[in-house]
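In: Sequence first, predicted model second:
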Amino acid sequence: MSASTAVADLEDLQARAVAAIDGATTLDELDEVRVAFTGRKSELADVQKTMGSIAPEDRKVLGKALNAFKTEVEGALDQRRAVLEAAALEARLVDERIDLTVPPAAVPPGRPHLITQTEQAMVDTFVALGWRVADGPEVESAAYCFDAMNIPPDHPARQDMDTIYLQDGRTDEFGLPEVVLRPHTSPVQARVMRTQEPPIAIVIPGRTYRNDTVDATHSPVFTQVEGLVVGEGITMAHLHGSLLAFARAMFGEDREIRLRPSKFEFTEPSAEVDVSWGTNPDGTTRWLEILGSGMVDPVVLSWCGVDPDRFTGFAFGIGVERVAMLRHDLHDIRDLYEGDARFSAVF
Ligand code: DAH
């Protein structure tokens, strides 16, 4: 092939290449054009291959023409690429534009769950009496749950509580292997008494666990609010006054309470407390049980290092779910645990 034919081919090719480059409307298209005209299997490659068959003195001419082709075509590619990139950026900016004036979709505000609300309201009534809030571990030693509470190993009350034992080889702070999910918040009484001097007035909210089957009134996880007051000259009258204040704050100013004899290992005497709840069909006062309580047993005081000859105390434990159900006329404890947002939205 002669050099002039090759140069003419090249000029023709350049004209077509520049036209195709200017006609590309996207960056992808532009890249296809680039490959078609300058890639390894392009017409340009064909022209380059003819180099070998050209007389050596003509090669310079063709070489120059090839360089001019490359400069032209690369220049055209760069220019077109800049135009298309700017257009692509502009399109993206338009596409991803956020209209800050559009009102946001309404997100319903969150709030504490009814159990938390109830627990806080209960705690608040005692804080208003000047008591402090205390807490303790949910994974607790049997020593604190039972021994400290005057429930020895062979005592049937241990079985009554349906305690969940953690048999995973761990031991408690005394090196004893009986570690449980606490079945009540009472062990925190012992933890506080062992570390604080009387006078003590504390309220202990917390989660508790029992190996119970779920039904309308039972949940294996539930919540208690425990109270403990220890000092010189503390009597059952203080217990009565504190719980009356609590009942009125939680259920209404016209409520009365009544103490009925009961039995707990950690209190002596012990009382179950009822709150007045309207009247029966025969006109007598209707009473509902709300909690267990009593005067702290001297054995418990001693175990905890408190001198029972000098100090007395009272204690109580209240089920938070029961209070929530009474206050809101709920009939199934499961409603409190299923997490249905339609239920929570009511409170
Ligand atoms: N711990 C008891 C329970 O879970 C409730 C209780 C009763 C706590 C009497 C007390 C108390 O502090 O004095 O069944």
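Out: Yep, it's here. Residues are numbered from 1 along each chain as shown.
In: Which strand or helix spans the residue of the chain found nearest the ligand?
Out: In the chain, the residue that lies nearest the ligand is residue 317 (2.6 Å; CB to the nearest ligand atom). Bear in mind the C-beta positions are built from the backbone N, C-alpha and C, glycine included. Element membership for residue 317 (DSSP states H and E) is strand 312-319.
In: just for the stretch 1-150 of the chain, where's the confidence low?
Out: 1 (pLDDT under 70).
In: Now do residue 84 against residue 91, distance only.
Out: 10 Å (CB to CB, to the nearest Å).
In: Of the two, give the one with the bigger neighbour count.
Out: residue 84 (17 against 10; other CB atoms under 10 Å).
In: excluding its backbone neighbours, what's nearest that one?
Out: Nearest residue to residue 84, sequence neighbours excluded (CB to CB, 6 or more residues apart in numbering): residue 27, at 5.0 Å.
In: which residues does the one you found contact?
Out: 81, 84, 85, 88 (CB atoms under 8 Å, 6 or more residues apart in numbering).
In: Selection in PyMOL covering whichever of the residues you listed are buried, please.
Out: Here is the PyMOL command that selects the buried residues among these (16 or more other CB atoms under 10 Å):
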select buried, resi 81+84
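In: Adding distance to residue 305 and secondary structure, write the contacts of residue 27 out as TSV.
Out: Shown next, in TSV, are the contacts of residue 27 (distance: CB to CB, whole Å; DSSP: H, G, I helix; E, B strand; the rest coil):
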residue	distance to residue 305	secondary structure
81	84	helix
84	84	helix
85	80	helix
88	78	helix
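In: quick one: residue 269 is in a helix?
Out: No: Residue 269 is assigned strand when assessed by DSSP: H, G, I helix; E, B strand; the rest coil, not a helix.
In: Quick check: chain neighbours aside, which residue is closest to residue 85?
Out: The nearest residue in space to residue 85 (CB to CB, 6+ apart) is residue 27, at 6.8 Å.
In: pLDDT score assigned to residue 185?
Out: Looking at residue 185, its pLDDT stands at 98.
In: What sits closest to it if chain neighbours are left out?
Out: Nearest non-adjacent residue to residue 185 (CB to CB, 6+ apart): residue 226, at 3.9 Å.
In: tally of neighbours for the one you found?
Out: 25.
In: swap in residue 143?
Out: With other CB under 10 Å as criterion, residue 143 counts 19.
In: how about it, phi and psi?
Out: phi -60, psi -50 (degrees, to the nearest 10).
In: In the protein, what residue spans correspond to helices?
Out: 3-23, 27-38, 43-50, 56-95, 114-127, 142, 156-160, 187-195, 236-251, 298-303, 320-328, 341-344 (DSSP state H).
In: Helix 320-328 and the fifth one, what's the angle between them?
Out: This means helix 114-127. 90 degrees (axes from the mean of the first three to the mean of the last three CA atoms, to 10 degrees).
In: what does the longest one give?
Out: Interaxial angle, helix 56-95 versus helix 320-328 (the same axes, to 10 degrees): 60 degrees.
In: and helix 56-95, which residues are buried?
Out: 58, 62, 65, 66, 69, 72, 73, 76, 77, 80, 81, 84.
In: now these in JSON lines, with distance to residue 325?
Out: Shown next, in JSON lines, are those (distance: CB to CB, whole Å):
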{"residue": "58", "distance to residue 325": "103"}
{"residue": "62", "distance to residue 325": "97"}
{"residue": "65", "distance to residue 325": "95"}
{"residue": "66", "distance to residue 325": "91"}
{"residue": "69", "distance to residue 325": "89"}
{"residue": "72", "distance to residue 325": "86"}
{"residue": "73", "distance to residue 325": "83"}
{"residue": "76", "distance to residue 325": "81"}
{"residue": "77", "distance to residue 325": "77"}
{"residue": "80", "distance to residue 325": "75"}
{"residue": "81", "distance to residue 325": "72"}
{"residue": "84", "distance to residue 325": "69"}
